[in-house]
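K.L.:
compute the structure for the input listed below.
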Amino acid sequence: LLLDRTGLVLDANPVAGALFTRRPDAIKGQHISRLLGSGAEQLIASLNGTSKDPLAAIALARDGYGEVHLEPAVTWITDNQGTPGVQVMLRDVTEEINRQAGLRAYAARILRAQEEERKRIAQELHDEMIQSLVLLCRRLDLVETQGGSLAEPVTAGLAEARASAEKIVGGLRDFARMLRPPTLDDLGLVTSLRRLAMDVSERSGLDVGFQAAGVDRRLPPDTELGIYRITQEALRNAERHAEAKSVNVTLAFDDGLTSLKVSDDGKGFLLPSRVRDFAAHSQLGLLGMQERAQLLGGTLEIKTAPGAGTSVLVDIPIQESPRPAPPSPVSGAGH
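P.N.:
Predicted coordinates for the structure are as follows:
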């Protein structure tokens, strides 16, 4: 399409005619908004200079064809008289967008299957291995209390075995909680994130703070789990790679939106220019956080620079009616 600066169509090629199911000469003289509907708003803003954002694909409903997605490319030109105009090329990216949607659906199914497997393993650890080890500890206690005639080295060996078994139980409980936090389903996101912050602080020595803003409420289960996993990964990065001394986690509830911010005072890093470069730089955790946010219909932004710490910012839209939040068993919003 050839347009003037106001969005009026000056000329159209035969492919444009086929796209809009009319003769090219019938398109001339029409405003671009009549052809593209609401999808033309960003394009018009770009033409008159009020928007500098990259042009997004435009969705166009066509009878008998479903929804067609068009990616606009704008080129400024002048005619022989020096009159400025705009050439707009619309590339059909419907197949590509549908393929991306299919990949996102596939990734969502994989994540759900992964979470179900984590939940199953955590349950088996708790119900079988941990309970068996607890029973072993009790038997060792019984042997120790009833073995008054045992030699001192044997008694010392029993006490050492008892301590080792207790340590293994504690480690398995921590591992099971990392696989699937039991508080998430029963007590909600705020309690689970507060517990996560406390666990990381106790384990690593990091000063981890947690604050919740707004009216606490239950979110859809997939949303709560996604936000929890993003927080978990961000804290893991701060603990293992950032060389940070403190981390602050903030969860904010607003109308139709839930926001998460995880900030550390670590060494920061050079952020790749494109999200897909995370994998090339072995930053798979960042890529996973990005995928989780997108699967929830949200956005994830990472702010960092060498020597300047790192902040992970997540915004997730909430469309479902929220579930009431249970009373939190842990008071306060501190460390």
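
K.L.:
just checking, what packs against the longest strand along the chain?
P.N.:
Across the chain, the longest stretch assigned as strand under DSSP state E is strand 66-78. Applying 3 or more Cβ pairs under 8 Å, 6 or more residues apart in numbering; DSSP states H and E, we find strand 66-78 packed against helix 40-47, strand 58-62, strand 84-92, helix 94-124. (C-beta placed from N, C-alpha, C; glycine too.)

K.L.:
contacts for stretch 10-23, please.
P.N.:
1-4, 24-28, 35, 62, 68, 70, 85, 90, 92 (Cβ atoms under 8 Å, 6 or more residues apart in numbering).

K.L.:
compute the first-to-last residue distance for it.
P.N.:
One end of stretch 10-23 sits 14 Å from the other (Cα to Cα, to the nearest Å).

K.L.:
buried ones in that stretch?
P.N.:
Along stretch 10-23, these residues count as buried under the neighbour rule (16 or more other Cβ atoms under 10 Å): 10, 12, 16, 19-20.

K.L.:
give the buried residues for the helix or strand encompassing residue 143.
P.N.:
Element membership for residue 143 (DSSP states H and E) is helix 131-146. By 16+ other Cβ under 10 Å, the buried positions in helix 131-146 come out as 133, 136-137, 140, 144.

K.L.:
closest one of those residues to residue 173?
P.N.:
In terms of Cβ to Cβ, no member of the buried residues of helix 131-146 lies closer to residue 173 than residue 133, at 10.0 Å.

K.L.:
what's the neighbour count on the nearest residue to that closest one once chain neighbours are set aside?
P.N.:
Distances taken as Cβ to Cβ, 6 or more residues apart in numbering place residue 169 nearest to residue 133, at 4.9 Å, with adjacent residues excluded. Neighbour count of residue 169, defined by other Cβ atoms under 10 Å: 18.

K.L.:
surely residue 169 touches residue 134?
P.N.:
Yes. With contact defined as Cβ atoms under 8 Å, residue 169 reaches residue 134; the gap is 6.3 Å.

K.L.:
so where's the protein shaky on pLDDT?
P.N.:
Where the chain drops to pLDDT under 70, the residues are 49-54, 63-65, 147-148, 273-284, 320-335.

K.L.:
in it, which residue is closest to the centre?
P.N.:
By Cα atoms, centre = their mean, the chain has its centre lying nearest to residue 293, at 2.4 Å.

K.L.:
for residue 162, what are its contacts?
P.N.:
Counting by Cβ under 8 Å, 6+ apart, residue 162 touches 137, 140-141, 144.

K.L.:
picking that back up, most tightly packed of the helices and strands packed on strand 66-78?
P.N.:
Comparing these by mean neighbour count (mean count of other Cβ atoms under 10 Å), helix 40-47 ranks first with a mean of 18.
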